[in-house]
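> just the structure for this:
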Amino acid sequence: MHALEKILAAHAGREEVAAGEIVTAKVDLAEVNDLYLQVIKSFHEMGGRRVKDPAGAAFVLDHYAPAPTIQSAANQKAMREFVRAQGIEHLFDINAGVCHQVLPEAGLVWPGMILVATDSHTTTHGAFGALGTGVGATDLATILLTGELWFRVPEVIRITIDGRLPAGVMAKDVILYIIGQLKQDVAVYKAVEYAGSTVADLSVAGRMVLCNMAVEMGAKTSYIQPDEKALAYVRARTTREFIVPETDPGYRYSAEYHFDVAELVPQVAAPHSIDNVVPVTEVEGTAVDQVFIGTCTGGRLEDIEAAARILAGKRVNPRCRLVVTPASTEVLLAAERAGYLRALLAAGATFATPGCGPCLGAHAGILAPGEVCVSTSSRNFPGRMGSTEARIYSASPATAAAAALTGKLVDPRRYLDPKR
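Prediction:
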């Protein structure tokens, strides 16, 4: 069996499972974000009175942080009241950050677990050897009520990535290139496993980017076999005991792909599709109105560091706005200690509350008709960040910072100071 199949089997009380089977499995952590008040409504409509496992539930108020409308404020108020009434300890309020960042930081993610959330990018947690997947309100309410959910055991695709990344090329460039080659439907309701020397060399944050964007290929979940780097991150944040599952030798993947990224150049996903990927040199010179550095694919400490390396001691181009939204308060504080916060503020950046920010087009930097934005987020379809007439280029934090510096899309490698 694959490691993911072993996770499902263990949580379903089975000796083994196989791709295509439907199983009912225990869920270790169910997380609700502030877009989904319907979870609470569905819970009550199903006759729910008490959450089955309050310790296995978490609410994260990240998409509207802080609340920009009366309705979002009312939704958050209702969630806080539900959490208090149910004795749920894990409430991450508007000061915490993006769910996919704060849950691992809080020690709530570990190898071999099943994590289900009302967010498609829950695939992020495959970076820790967890089975993470997103569902809708009714399914999440079912977990709160019963502690379990049904799953179809997915086929597994293996993507092997080798080669030392060139300077100025980041994990975001790698995954954009892969999505551009394989397209958005290659892994529909399948799992994506990442392996290879490049993956081993990546930081935990970089691996989270790969796993996060597996869903942009249609994946139900993702997986990276935990190594000491990932295990050290987890063990530093939790005393929980866990067993690290491993894929059996000879396991047959439904498909295998190999990429050598030793000569990869910075990539961008051009409007209006995340698989419309080209080298940045093909769109160089495109004028940019706003740059957004943040989200669950571009708001971690190394992302803010990459921006600071390019912008420290310089100024954001006067025709361009730069919005920076750290993925969590922990990241924000680390950026302040390292001097990145001061450097970017001095360069002309606007910092927003840790959270999703303008990624979902609700607040904190939405786009006007006709504007062009370079964003580190994972999606660039029309209307994603505001007007349907705006254009979004998805890129790495380094490429985004270079765009903020020059007011246009450029190759970031020429603006990196090797001494920094």
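> in stretch 218-232, what counts as buried?
In terms of neighbour count (16 or more other CB atoms under 10 Å), stretch 218-232 has its buried residues at G218, A219, K220, T221, S222, Y223, I224, Q225, P226, A230, L231. In short, each C-beta sits where N, CA and C put it, glycine included.
> quick check: end-to-end length of it?
One end of stretch 218-232 sits 30 Å from the other (CA to CA, to the nearest Å).
> so how far is that stretch from its chain's centroid?
Between the centre of stretch 218-232 and the centre of its chain there are 13 Å (CA atoms, centre = their mean, to the nearest Å).
> what's the mean pLDDT across whatever helix or strand V102 lives in?
For V102, the element it lies in under DSSP states H and E is helix 99-105. Mean pLDDT, computed over helix 99-105, is 98.
> partner strands of the helix or strand following that helix, with direction?
Next helix or strand after helix 99-105 toward the C-terminus (DSSP H and E): strand 114-117. When pairs are called by DSSP bridges, strand 114-117 turns out to pair with strand 29-33 (parallel), strand 131-134 (parallel).
> how near is the residue most central in space within the chain to G168?
For the chain, the residue sitting closest to the mean C-alpha position, by CA atoms, centre = their mean, is C296 at 3.5 Å. Noted for C296: a distance of 22 Å to G168, by CB to CB, to the nearest Å.
> what's the pLDDT at L416?
85.
> measure the residue lying farthest from the centre of the chain to A141 for me?
Computed with CA atoms, centre = their mean, the residue of the chain farthest from its C-alpha average is G47, at 33.1 Å. According to CB to CB, G47 and A141 sit 11 Å apart.
> equivalent analysis for Q76, please.
According to CB to CB, Q76 and A141 sit 18 Å apart.
> over to F292?
F292 is 32 Å from A141, by CB to CB.
> number of residues surrounding the closest residue to D119 other than its chain neighbours?
Ranked by CB to CB, 6 or more residues apart in numbering and with sequence neighbours excluded, the top spatial neighbour of D119 is G134, at 5.1 Å. Residues within reach of G134, counting by other CB atoms under 10 Å, total 20.
> is it true that G134 touches L115?
No - here G134 does not reach L115: they are 9.9 Å apart, not a contact under CB atoms under 8 Å.
> wait, I293 sits on D303?
Yes - using CB under 8 Å, I293 is in contact with D303, at 6.4 Å.
> what do those two both touch?
Counting by CB atoms under 8 Å, 6 or more residues apart in numbering, the residues touching both I293 and D303 are T376, P397.
> quick one: the longest helix that the chain contains to strand 29-33, angle?
Longest helix in the chain by number of residues, with DSSP state H as the criterion: helix 70-86. Angle of helix 70-86 versus strand 29-33, following axes from the mean of the first three to the mean of the last three CA atoms, to 10 degrees, is 150 degrees.
> got a list of contacts for helix 70-86?
Outside helix 70-86, the residues that reach it (CB under 8 Å, 6+ apart) are 32, 34, 37, 40, 50-51, 54, 57, 59, 61, 64, 67, 88, 91, 93-94, 362.
> residues touching S222, list them.
Applying CB under 8 Å, 6+ apart to S222 gives the contacts 123-124, 126-127, 132, 191-194, 210-211, 214-215.
> which strands border the strand or helix carrying it, and is each parallel or antiparallel?
Per DSSP H and E, S222 falls inside strand 221-223. Using DSSP bridges, the strands paired with strand 221-223 are strand 191-195 (parallel).
> show the subsequent helix or strand relative to the strand it pairs with.
helix 197-201.
> got the CA positions of that next one in CSV?
Extracted C-alpha coordinates of helix 197-201, given in CSV (Å, rounded to 0.1, in the frame of the first residue of the first chain):
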residue,chain,number,x,y,z
SER,A,197,16.5,15.7,-4.6
THR,A,198,15.0,19.1,-5.2
VAL,A,199,12.1,18.3,-2.7
ALA,A,200,14.7,17.1,-0.2
ASP,A,201,16.6,20.3,-0.5
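> which other helices and strands contact it?
With contacts taken as 3 or more CB pairs under 8 Å, 6 or more residues apart in numbering; DSSP states H and E, helix 197-201 sits against strand 156-162.
> rewinding a little: wait, which of the strands paired with strand 114-117 is closest to E148?
strand 29-33 (10.2 Å; CB to CB).
> helix or strand right after that closest one?
helix 38-45.
> that following helix to strand 29-33, inter-axis angle?
Here helix 38-45 runs at an angle of 120 degrees relative to strand 29-33 (the same axes, to 10 degrees).
> could you list every helix and strand in contact with helix 38-45?
Right, helix 38-45 is packed against helix 70-86, helix 137-146 by 3+ CB pairs under 8 Å, 6+ apart.
> which parts of that helix are buried?
Q38, V39, I40, S42, F43.
> ok, back up a step: quick check on the contacts of helix 70-86: which are buried?
Buried by 16+ other CB under 10 Å: 32, 34, 37, 40, 51, 57, 59, 61, 64, 67, 88, 91, 93-94, 362, out of the contacts of helix 70-86.
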